[in-house]
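Q: next input, structure requested:
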Amino acid sequence: MAVRDIKESKGFGIAVSDKEILEAIKYLGTKQGIFAEPAGSTAFAGMVKALKEGKISKGDKIVVLVTGNGLKDVESAKKAGGEALVINPNLEAVKETMNQK
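A: Presented below is the predicted three-dimensional model:
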């Protein structure tokens, strides 16, 4: 049924790598404030890849369902986000760190 529906709607499917999923987790968390787990980030990773490959355009209206809270898989979130920054507990250190990013 899914393949038939894709063909009838002139849609497409796209495969993404684990690396692309981790990049999607990081982007969603840092730029959109969405803490998503890997399965939930896969659709967003596919949309990003389709945009890069020209299968969709910037002006297209797209709906991406991001399901699955990041609390289901905190280890993947850690992997996507990298090491936590450790800074001195004062406002000056926070300002300095923010200016470096």
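Q: contacts and neighbour counts: CA atoms only from here.
A: Will do.
Q: what is the neighbour count of the closest residue to residue 20 other than its chain neighbours?
A: Of all residues not flanking residue 20 in the chain, residue 45 sits nearest, at 5.9 Å (Cα to Cα, 6 or more residues apart in numbering). Neighbourhood size, residue 45 [other Cα atoms under 10 Å]: 27.
Q: now the one 4 residues further on
A: Under the neighbour criterion other Cα under 10 Å, residue 49 is assigned a count of 17.
Q: tell me what the strand or helix carrying it is packed against?
A: Using DSSP states H and E, residue 49 maps to helix 38-52. Applying 3 or more Cα pairs under 8 Å, 6 or more residues apart in numbering; DSSP states H and E, one finds that helix 38-52 contacts helix 18-27.
Q: please identify the buried residues of the helix it packs on?
A: 20-27 (16 or more other Cα atoms under 10 Å).
Q: ok, stretch 73-82 next?
A: So for stretch 73-82, counting by 16+ other Cα under 10 Å, buried means 76-77, 80-81.
Q: mind putting these in CSV, pLDDT, secondary structure and distance to residue 98 included?
A: Listed next are the buried residues of stretch 73-82 as CSV, based on pLDDT from 0 to 100; DSSP: H, G, I helix; E, B strand; the rest coil; distance: Cα to Cα, whole Å:
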residue, pLDDT, secondary structure, distance to residue 98
76, 79, helix, 24
77, 74, helix, 21
80, 77, helix, 20
81, 72, helix, 16
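Q: need the max-distance pair from these.
A: 76 and 81 (8.5 Å; Cα to Cα).
Q: where does pLDDT dip in the protein?
A: Applying pLDDT under 70 to the chain flags residues 1, 101.
Q: try it again with 90
A: 1-3, 10-11, 29-30, 40, 62, 67-86, 97-101 (pLDDT under 90).
Q: tell me the centre residue of it?
A: By Cα atoms, centre = their mean, the chain has its centre lying nearest to residue 24, at 2.0 Å.
Q: state the distance from that one to residue 32.
A: Residue 24 is 11 Å from residue 32, where distance means Cα to Cα, to the nearest Å.
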